[in-house]
Every structure is written in C-alpha cells, then in structure tokens.
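Asker: Structure of the sequence below:
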Amino acid sequence: MSFESVDPGEGHSIAAWTAVTIMLLAVAIGTVAFFLVIPWLVWASAGLLVVGLLVGWVLAKIGYGVADTAHQEH
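Answerer: This next block holds a predicted model:
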C-alpha cells in the first residue's frame, strides 16, 4: 500500500515558484540599481516586484496554486 501525499505543501506550486522568481529578480535588479544610483531602474524594479505578485495571484486563480493541486485526484 502506498502512502503518497497528494498535498505538495505550501509554496510548492507553479504559481509560487513563478512569483518568487520574478520578485527575486526584481529585488536583485533594484539592489544593483540603488547601489549604482539609477533611480528610474529602482522604480522599474519596484514595479516588477508588483508584477511578480500579480502573476503569482493570477496563476493561483487559474489553477496553478497549492490549494488547487492539493485537491486533484490521481
């Protein structure tokens, strides 16, 4: 008898990984831009951070989030 868990756990979804990757890239770009004193790029990276949040939310709503993958049957 197999005891496989269907629940991938919190954050283990396409929506979470995509959102975190976009936001991590935004923070990295923003940090370098802040260090090099490029104000427009700092603000653009702040906008990219918000885009990452929205992408994660949209992906979760269309079925790529943890709540949706946890309830799927084999």
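Asker: For residue 53, list the residues it contacts.
Answerer: Residue 53 makes contact with 19, 23, according to Cβ atoms under 8 Å, 6 or more residues apart in numbering. For glycine as for every other residue, the C-beta is placed from the backbone atoms N, C-alpha and C.
Asker: gap between it and residue 18?
Answerer: Look at residue 53 and residue 18: by Cβ to Cβ, to the nearest Å, they are 11 Å apart.
Asker: for residue 41, same thing?
Answerer: Taken as Cβ to Cβ, the span from residue 41 to residue 18 is 22 Å.
Asker: can you check residue 62 too?
Answerer: 12 Å.
Asker: for residue 49, same thing?
Answerer: Counting by Cβ to Cβ, the gap from residue 49 to residue 18 is 14 Å.
Asker: same deal with residue 42?
Answerer: 23 Å.
Asker: residues in contact with residue 42?
Answerer: 30, 33-34.
Asker: May I ask which of the residues you listed has the most neighbours?
Answerer: Highest neighbour count within those, by other Cβ atoms under 10 Å: residue 30, with 20 neighbours.
Asker: Next up, the contacts around that residue.
Answerer: 41-42, 45-46, 49.
Asker: Switch these over to CSV; also include pLDDT.
Answerer: Below are these laid out as CSV (pLDDT from 0 to 100):
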residue, pLDDT
41, 98
42, 98
45, 98
46, 97
49, 97
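Asker: Show me the helices in this protein, by range?
Answerer: For the chain, the helices defined by DSSP state H occupy 14-35, 39-59, 66-69.
Asker: any idea which of these scores lowest on pLDDT?
Answerer: Confidence, taken as mean pLDDT, is least for helix 66-69 of the helices of the chain (a mean of 62).
Asker: Tell me how far residue 57 lies from residue 15.
Answerer: 8 Å.
Asker: Would you mind telling me which of the two has the busier surroundings?
Answerer: Set residue 57 next to residue 15 and count neighbours by other Cβ under 10 Å: residue 15 wins out with 23 against 13.
Asker: hang on, isn't the more buried one packed against residue 56?
Answerer: Yes: if you go by Cβ atoms under 8 Å, residue 15 and residue 56 touch, sitting 5.1 Å apart.
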